[in-house]
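sharing a sequence plus its predicted fold:
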Amino acid sequence: MSRRPTSTRPAKPSGSYDPDDVFLGNTLALSTWAQRNRQSLILIGLALAAVVMGTLYYISYRGGHLQRAALELERVYQGAAFGDTTTAKAELAQYVASFGNTPYGDEARILLGQLYLESGQADQAVGVLADASDVSEPLGLQAAVLLAKAHEEQGLLDEAERLLLRVADRAALDFLIRDALEGAARLRTLRGDLAGAIQLYERILDTIEDDAPERGIYEMRAGELRLKTEQG
């Protein structure tokens, strides 16, 4: 009578760890969970697809939006140069409403604010320039100077001076620093702060070479104010 061959695979001790059994168990558990939650997985997949499609659409839309903003700004600039002021202001206001969140928005705000100032509309100029007067940006410095002028026309001399001094402190170009300090010195003179105006003219002189022709102008202004303070 023949014997049945015995298995050569050693018997597993009770409680021993078998990686194959663990992997198989995890696979079966995952499959069972997936079947039970099939609807949720489908919804998650659709949501992820929507996010991807939305991101791609936004990138495409953003690129086209910026291109339209650039072309429209060029058209508006040409209209402002050759058209009437009223139409130019209306078109610029519409441009800011449509493309104000693009990199070209502040350019339009500055031009619109300048047109408002030229038309004697200081309140409207303040409203449009306030959003563009970040002195940490080159365009923001230009907007802040215009905003200071608008505040001056409103009679807010202290606010106008504060803005000009911020420009002088943050600007990198000497001529821009000089113009801001000169404007602030003029405002201090209007308010009767002659000593403060002299200090600003001295700051201007510190930025000018000794042999520069324009130096004499500021030396004369500072000298006139010193004479007034002595007489007063």
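Sure, I can see it. Numbering: from 1, shown residues only.

just the strands in the chain please.
Assigned by DSSP state E, the strands in the chain number zero.

domains in it, by residue range?
Domain assignment of the chain by automatic domain parsing yields the ranges 45-166, 172-232.

will you turn these into TSV that also has distance to residue 32, mean pLDDT and mean neighbour count?
Bear in mind the C-beta positions are built from the backbone N, C-alpha and C, glycine included. Formatted as TSV, the domains of the chain follow (distance: least, Cβ to Cβ, whole Å; pLDDT from 0 to 100; neighbours: other Cβ atoms under 10 Å):
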stretch	distance to residue 32	mean pLDDT	mean neighbour count
domain 45-166	19	84	17
domain 172-232	67	93	16
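
can you give me the end-to-end span of stretch 208-215?
Across its full length, stretch 208-215 reaches 6 Å end to end, with Cα to Cα, to the nearest Å as the criterion.

shift numbering so it begins at 471
Let's use 471 as the start, then, which means that last one is stretch 678-685.

pLDDT at residue 474, what is it?
Residue 474 is assigned 51 on the pLDDT scale.

equivalent analysis for the one 3 residues further on, please.
On the pLDDT scale, residue 477 is placed at 48.

same thing with residue 491?
pLDDT, residue 491: 57.

ok, and the closest non-adjacent residue to residue 670?
Counting by Cβ to Cβ, 6 or more residues apart in numbering, residue 655 is the residue found nearest to residue 670 once chain neighbours are left out, at 3.9 Å.

correct me, but the one you found touches residue 667?
Yes - with contact defined as Cβ atoms under 8 Å, residue 655 and residue 667 form a contacting pair (4.4 Å).

and stretch 691-702, how far from the chain's centre?
Centre-to-centre, stretch 691-702 and its host chain are 43 Å apart (Cα atoms, centre = their mean, to the nearest Å).

only C-alpha atoms, please: export that stretch in PDB.
Taking C-alpha atoms only, stretch 691-702 is exported to PDB below (Å, rounded to 0.1, in the frame of the first residue of the first chain):
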ATOM      1  CA  ARG A 691      14.300 129.200  -0.200                       C
ATOM      2  CA  ALA A 692      15.800 128.000   3.100                       C
ATOM      3  CA  GLY A 693      17.500 131.400   3.600                       C
ATOM      4  CA  GLU A 694      14.200 133.200   3.000                       C
ATOM      5  CA  LEU A 695      12.500 131.100   5.600                       C
ATOM      6  CA  ARG A 696      15.300 131.600   8.200                       C
ATOM      7  CA  LEU A 697      15.000 135.400   7.700                       C
ATOM      8  CA  LYS A 698      11.300 135.200   8.300                       C
ATOM      9  CA  THR A 699      11.700 133.200  11.500                       C
ATOM     10  CA  GLU A 700      14.300 135.700  12.800                       C
ATOM     11  CA  GLN A 701      12.000 138.600  12.000                       C
ATOM     12  CA  GLY A 702       9.000 136.900  13.500                       C
END
